[in-house]
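Undergrad: Sequence and predicted model, in that order:
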Amino acid sequence: MTSAPYLPAAPADRPASGPGAAPVDRPYLLRCPVCQVSYQDDGLRLDCAAAHRPGLLSTEYATAFAPGPGSGPFRYRCWLPTAGRALPEGSGGTTYRAERLGRALGLAELWVAFSGYWPERGAALATGSFKELEAQAVLARLPERPPVLVVASAGNTAAAFLRACSQQRVECVLVVPDAALPALGVAGERADCVRLVTVAGDYTDAIELADAIAARPGFQAEGGTRNVARRDGLGTALLAAAETLGHLPDHYVQAVGSGAGALAAHQAARRLLAAGFPASDGAAAASGGLPRLTLCQSSPFAPMVRAWEDGLAEPVIGSGPAVRAAVAAAYAQELTTRKPPYAVAGGVREALAESGGELRAADNAEAAAAGRLFADAEGIDVEPAAAVALAGLRQAVAAGRIGSGETVLLHVTGGGRAHRAAGHPPVPVHPDLRIPAGLGAEAAAYLVTGA
């Protein structure tokens, strides 16, 4: 293997991409929702090996719900797919009753799961995003000698992995669009084990390049929504909120791009109910006590909303200048996933149907107004995706979909960055390699890996 002049090739003794490390004895199994086959986890598996329609693997834990000490995601290690190593302390968000915002919306029982930076409230996610929850869990799942992790991101996920991998000295390659580079400044100093590549394009271009890099020997795709650790890490936000409330909420509201966070919350709620955790007194019998999902997208680019409303099996997205223009116009770029796991087994469509939920689209004016409302009512800044979620919640209340006395959990998936920047200025981040427009993914991957 010949090293590229920009990024080092993966060491020759690393396992190839995909499952390859020997499984260890872990207190959980991976289960395929299509064929029901189970796997011992090697820390890398993303898919079922059988030939059938796509499905998202899920974890089945042998342990009961028994939260441990602390306040970060590893408080819930009982339901995290960890490798059994000693774990770092970890950082988490907070859940609180949002009385002022609730009054503005006409909701008596509005609760906010704030996954961001707000230390005065107990939220300590330094990058200001719930993506830190998934990054911490993904690294805890890895085998002892993992391949080089490859992560594609629109910004927030890359910031989370930059911080976590730098702190834990885990080798990774981050691939982001050029426009996402400023968002990485919140992550702090970057260690030399973390390599950064930018592409002259959008999130989809970053995904295509990351896939091509991950196909090289010695590299491994992080996997996005397909990674069980990503979903279970995000699911700790729902576990923490349920602990605070003492029961599950009637409604769970979140903005979605891929839908990983919503699937995580839905799966966590299912596990809690199966373990005997109480549902809300007002929970709908039709959903079996599961919180109804209200999932929100940005209307310039809302493929899952259109598919849901039109009863389509799959979102119709297409390609070309019109699609790129719609993506560029979206209020929250992190919500512009073009290949969401909507129709796969265990995906977004099934979760919506099982919970009696719905998808909503908020336009840019609605989202901007919602962001201002949150800041005025609660006194903290929120990220664009969280503003989209609040705008969708306002729509659902106005439409009578959510009643004034029902318990609502609004997941603010990012916030507090402006608050943190006052005392911790962002650190400038410079890419190791910039891929120009027009260079194909395979050629770009050769530049990155030298193979």
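TA: Received the coordinates, thanks. On a predicted model such as this, the values are computed, not experimentally measured, just so you know.
Undergrad: make it CA atoms for all contacts and neighbour counts henceforth
TA: Noted.
Undergrad: ok, Arg141 touching Thr82?
TA: Yes - using C-alpha atoms under 8 Å, Arg141 is in contact with Thr82, at 4.3 Å.
Undergrad: any weak-confidence spans in the protein?
TA: Residue ranges of the chain with pLDDT under 70: 1-24, 282-287.
Undergrad: Can you tell me the closest non-neighbouring residue to Gln267?
TA: Gly235 (7.4 Å; C-alpha to C-alpha, 6 or more residues apart in numbering).
Undergrad: isn't the one you found right up against Ala265?
TA: Yes - using C-alpha under 8 Å, Gly235 is in contact with Ala265, at 4.9 Å.
Undergrad: Mind listing the shared neighbours of the two?
TA: Counting by C-alpha atoms under 8 Å, 6 or more residues apart in numbering, no residue touches both Gly235 and Ala265.
Undergrad: which ones are touching the residue nearest to Gln267?
TA: Neighbouring residues of Gly235 by C-alpha under 8 Å, 6+ apart: 261, 264-265, 267-268.
Undergrad: From those, which land in strands?
TA: Residues of these located in strands (DSSP state E): none.
Undergrad: a markdown table please, covering those residues and showing distance to Pro303.
TA: Output for the contacts of Gly235, formatted as a markdown table (distance: C-alpha to C-alpha, whole Å):
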| residue | distance to Pro303 |
| --- | --- |
| Gly261 | 17 |
| Ala264 | 20 |
| Ala265 | 21 |
| Gln267 | 23 |
| Ala268 | 25 |
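Undergrad: tell me which element the nearest residue to Tyr39 once chain neighbours are set aside falls in.
TA: Using C-alpha to C-alpha, 6+ apart and skipping the chain neighbours, the partner closest in space to Tyr39 is Leu30 (5.0 Å). Leu30 belongs to strand 28-31 when assigned by DSSP states H and E.
Undergrad: before we move on, the earlier item: quick check: of the contacts of Gly235, which lies closest to Leu447?
TA: Closest to Leu447 out of those is Gly261 (33.1 Å), distances taken as C-alpha to C-alpha.
Undergrad: for the closest residue to the closest one other than its chain neighbours, what are its contacts?
TA: Leaving aside its chain neighbours, Gly261 sits nearest to Leu234 (5.7 Å; criterion: C-alpha to C-alpha, 6+ apart). Going by C-alpha under 8 Å, 6+ apart, Leu234 touches 130-131, 133-134, 260-261, 264-265.
Undergrad: Highest neighbour count among these?
TA: Leu133 (30 neighbours; other C-alpha atoms under 10 Å).
Undergrad: got the contact list for that residue?
TA: Contacts of Leu133 (C-alpha under 8 Å, 6+ apart): 73, 91-92, 230, 233-234, 236.
Undergrad: go on, Arg77?
TA: 67-68.
Undergrad: any idea how far Ala275 is from it?
TA: According to C-alpha to C-alpha, to the nearest Å, Arg77 and Ala275 sit 16 Å apart.
Undergrad: ok, back up a step: what comes into contact with the helix or strand following the strand holding Leu30?
TA: Toward the C-terminal end, the helix or strand that comes next after strand 28-31 (DSSP H and E) is strand 38-39. For strand 38-39, the surrounding residues in contact (C-alpha under 8 Å, 6+ apart) are 29-32.
Undergrad: Would you list the strands that strand 38-39 pairs with, along with their directions?
TA: strand 28-31 (antiparallel) (DSSP bridges).
Undergrad: For the protein, which helix extends over the most residues?
TA: Secondary structure assigned by DSSP state H gives helix 228-245 as the longest helix of the chain.
Undergrad: what's in contact with the following helix or strand past that helix?
TA: Toward the C-terminal end, the helix or strand that comes next after helix 228-245 (DSSP H and E) is strand 251-255. Applying C-alpha under 8 Å, 6+ apart, the contact partners of strand 251-255 are 261-262, 291-297, 335, 385-386, 388-390, 393, 402, 406-413.
Undergrad: Also compute the angle for strand 251-255 relative to helix 228-245, please.
TA: Relative orientation of strand 251-255 versus helix 228-245 (axes from the mean of the first three to the mean of the last three C-alpha atoms, to 10 degrees): 130 degrees.
Undergrad: Neighbouring strands of strand 251-255 in the sheet, and parallel or not?
TA: Strand 251-255 is paired, per DSSP bridges, with strand 292-298 (parallel), strand 407-412 (parallel).
Undergrad: Among those, single out whichever gets nearest to Gly423.
TA: Of all the strands paired with strand 251-255, it is strand 407-412 that lies closest to Gly423, at 21.9 Å by C-alpha to C-alpha.
Undergrad: So which residues of the stretch 301-450 of the chain form helices?
TA: Using DSSP state H, counting those that start in this stretch, the helices of the stretch 301-450 of the chain run over residues 303-310, 321-329, 348-355, 364-378, 384-398, 417-421, 441-449.
Undergrad: Can you spell out which helices and strands pack onto the third one?
TA: If you count contacts as 3 or more C-alpha pairs under 8 Å, 6 or more residues apart in numbering; DSSP states H and E, helix 348-355 packs onto helix 260-274, strand 292-298.
Undergrad: quick one, it and strand 292-298 angle?
TA: Using the same axes, to 10 degrees: helix 348-355 against strand 292-298 is 140 degrees.
Undergrad: which of the residues in helix 348-355 are buried?
TA: 348-352, 354-355 (16 or more other C-alpha atoms under 10 Å).
Undergrad: quick one, what contacts the nearest residue to Asn364 once chain neighbours are set aside?
TA: Nearest residue to Asn364, sequence neighbours excluded (C-alpha to C-alpha, 6+ apart): Tyr331, at 5.4 Å. Residues near Tyr331 by C-alpha under 8 Å, 6+ apart: 298, 300, 363-364, 367, 384-385, 388.
Undergrad: so how far is Ala362 from Tyr331?
TA: Separation of Tyr331 from Ala362 (C-alpha to C-alpha): 9 Å.
Undergrad: what do the two both touch?
TA: Between them, Tyr331 and Ala362 share these contacting residues under C-alpha under 8 Å, 6+ apart: 298, 388.
Undergrad: Straight-line length of stretch 28-43, end to end?
TA: Stretch 28-43 has its terminal residues 12 Å apart, counting by C-alpha to C-alpha.
Undergrad: begin at 7 from here
TA: Sounds good: first residue 7 from here, last item stretch 34-49.
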